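What follows is a predicted protein model with its sequence.
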Amino acid sequence: MQARPGESLEVLLPEADIQARVRALGEQISQDYEGKPLLLVGILRGSFVFLGDLIRCVDGLMAVDFMAISSYGASTQSSGVVRILKDLDEELQNRHVVVVEDIVDTGLTLNYIYSQLVARGAASVAICTLLDKPTRRRVDVHIDYLGFQIPDEFVVGYGLDFDEYYRNLPNVCRLKIHRPSKEANG
Ligand code: IMP
Ligand code: MG
């Protein structure tokens with residue numbers, strides 16, 4: 001995969017490893033929610049690739065909805081400001097919800113979403129994230145379903161972006177930035 005000038009990519013999680021892990025997560029969710037219709041809530045935009053693969057590995061009744069939250073934009077540092085850009089269309093009362101996220105970093109995003117969904121009367125709210133960067137956590141987040149724990153490095157691919165690029169990579173890659181103006185935190 002070609003990187004932009006001043007940037008380079010190094011595979012961290014190969015496609016086959018991701019696919020195997022996603023299948024295992026899907027099987028685990030299928031077992032845990034057997035007989036309980038699910039609402040999967042994807043957090044846009046980073047989770048859409050993961051969510052697309054995950055739902056095809058979950059057996060059972062489910063609905064899918066999306067939320068969009070303000071993100072880093074073209075910076076790799078979290079502003080700490082969380083804002084809903086697109087809210088759910090579904091009602092949550094008495095529903096079993098699994099939030100699907102690409103990566104938990106500071107935890108600010110999921111901490112906010114979790115409390116929002118609980119406050120709206122969901123019967124249960126679980127969190128499923130493909131990646132976890134625990135070293136940068138600022139608020140506690142309980143992760144029910146985890147794909148991979150990764151070191152404190154900025155990653156792209158499999159839905160994750162930098163400046164909206166690289167979401168289409170089938171692997172998760174480290175992004176190295178050689179320009180002096182934009183620094184990755186890895
Ligand atoms: P948190 O609120 O700091 O946990 O931020 C989570 C969000 O930041 C994720 O949903 C991503 O959109 C973004 N993010 C955090 N780390 C990375 C990364 O390494 N690559 C791409 N996006 C990231
Ligand atoms: Mg995100």
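Arrived safely, thanks for sending. Ligands and ions are numbered 1, 2, ... in the order given.

use CA for all of it now, contacts and neighbours both
Fine.

Contact partners for the spatially most central residue of the chain?
Closest to where the C-alpha atoms of the chain average out (CA atoms, centre = their mean) is D102, at 1.5 Å. Shown in contact with D102 (CA atoms under 8 Å, 6 or more residues apart in numbering): I43, G46, S47, F50, T129, L130, L131, G159, L160.

Quick check: closest non-adjacent residue to it.
Nearest residue to D102 in three dimensions, chain neighbours excluded: S47, at 4.6 Å (CA to CA, 6 or more residues apart in numbering).

pretty sure that neighbour is touching E101, no?
Yes - counting by CA atoms under 8 Å, S47 touches E101, with 5.1 Å between them.

And the host helix or strand of E10, what's buried?
Assessed by DSSP states H and E, E10 sits inside strand 7-13. Within strand 7-13, the residues that count as buried by 16 or more other CA atoms under 10 Å are L9, V11, L13.

Over to stretch 29-44?
The neighbour-count check on stretch 29-44 (16+ other CA under 10 Å) flags I29, S30, Y33, L38, L39, L40, V41, G42, I43, L44 as buried.

so, in contact with ligand 1 or not, the strand holding E10?
No - Strand 7-13 lies out of reach of ligand 1 by CA under 6 Å from any ligand atom, never closer than 11.5 Å.

same question, stretch 120-128
No - using CA under 6 Å from any ligand atom, stretch 120-128 stays clear of ligand 1, coming no nearer than 11.8 Å.

ok, now which ones touch the residue nearest to D102?
By CA under 8 Å, 6+ apart, the neighbours of S47 are V100, E101, D102, G159, L160.

Kindly state the beta-bridge partners for the first one.
The reference is to V100. Counting by DSSP bridges, V100 is bridged to G42, C128.

how close does it get to ligand 1?
For V100, the distance to ligand 1 (CA to the nearest ligand atom, to the nearest Å) stands at 10 Å.

contacting residues around that residue?
Counting by CA under 8 Å, 6+ apart, V100 makes contact with L40, V41, G42, I43, S47, L51, I127, C128, T129.

Quick one: those residues as JSON lines, columns for pLDDT too.
Shown next, in JSON lines, are the contacts of V100 (pLDDT from 0 to 100):
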{"residue": "L40", "pLDDT": "98"}
{"residue": "V41", "pLDDT": "98"}
{"residue": "G42", "pLDDT": "98"}
{"residue": "I43", "pLDDT": "97"}
{"residue": "S47", "pLDDT": "98"}
{"residue": "L51", "pLDDT": "98"}
{"residue": "I127", "pLDDT": "98"}
{"residue": "C128", "pLDDT": "98"}
{"residue": "T129", "pLDDT": "98"}
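
So E34, which state does it fall into?
Of the three states, E34 takes coil under DSSP: H, G, I helix; E, B strand; the rest coil.

Apologies, that question was intended for G46.
G46 - assigned by three-state DSSP - is coil.

if we can go back for a sec, quick one: average pLDDT of the helix or strand hosting the residue nearest to the centre of the chain?
According to DSSP H and E, D102 maps onto strand 96-104. When pLDDT is averaged over strand 96-104, the result is 98.
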